[in-house]
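Colleague: Show me the folded form of this:
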Amino acid sequence: MSTGNAYLVIPPFCTREEFARLTGLLEKGPEVVRGMCNQSTLPTVQVGRHQLVNVHQLLQDLASGKTEFLAGDYS
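Modeller: Down below sits the predicted model:
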């Protein structure tokens, strides 16, 4: 039985593709998030040969009042 409460579990790190899906950027194409990561517009971590979006850092920055994300912010 459902109570009507829904929770979205957000991982602390996710692939660029998963981040695009979660944020609605997938419709603009996978190269958009890849470009944002390559330009250091989004915080990322390197795990082996995979570059993951650091969602935890992004959420902390949003909570502290960050409203603009520009190229080089996370370089």
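Colleague: In space, what's closest to residue 13 - neighbours in sequence excluded?
Modeller: residue 52 (4.3 Å; CB to CB, 6 or more residues apart in numbering). C-betas here are computed from N, CA, C, even on glycine.
Colleague: Name the secondary structure element that contains residue 52.
Modeller: Here residue 52, judged by DSSP states H and E, is contained in strand 50-54.
Colleague: What mean pLDDT does that strand get?
Modeller: Averaged over strand 50-54, pLDDT sits at 95.
Colleague: can you check stretch 29-44 too?
Modeller: For stretch 29-44, the mean per-residue pLDDT is 93.
Colleague: I'd like to check which residues are in contact with the nearest residue to residue 19 once chain neighbours are set aside.
Modeller: Ranked by CB to CB, 6+ apart and with sequence neighbours excluded, the top spatial neighbour of residue 19 is residue 53, at 4.3 Å. Shown in contact with residue 53 (CB atoms under 8 Å, 6 or more residues apart in numbering): 13-16, 18-19, 33, 37, 42-44.
Colleague: Can you turn the buried part of those into a PyMOL selection?
Modeller: Here is the PyMOL command that selects only those of those that count as buried (16 or more other CB atoms under 10 Å):
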select buried, resi 13+14+16+18+19+33+37+42+43+44
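Colleague: Between the contacts of residue 53, which sits nearest residue 69?
Modeller: If you rank the contacts of residue 53 by distance to residue 69 using CB to CB, residue 42 comes first, at 6.9 Å.
Colleague: Name the nearest residue to the closest one, ignoring sequence neighbours.
Modeller: residue 36 (4.8 Å).
Colleague: contact partners of the host helix or strand of the one you found?
Modeller: Per DSSP H and E, residue 36 falls inside helix 30-38. Here helix 30-38 makes contact (CB under 8 Å, 6+ apart) with 16-17, 19-20, 23, 25, 41-42, 44, 51, 53, 69.
Colleague: Among the residues you listed, which one lies nearest to residue 5?
Modeller: Relative to residue 5, the closest of those is residue 23; by CB to CB it sits at 22.7 Å.
Colleague: The closest one - nearest residue in space that isn't next to it in sequence?
Modeller: residue 33 (8.0 Å).
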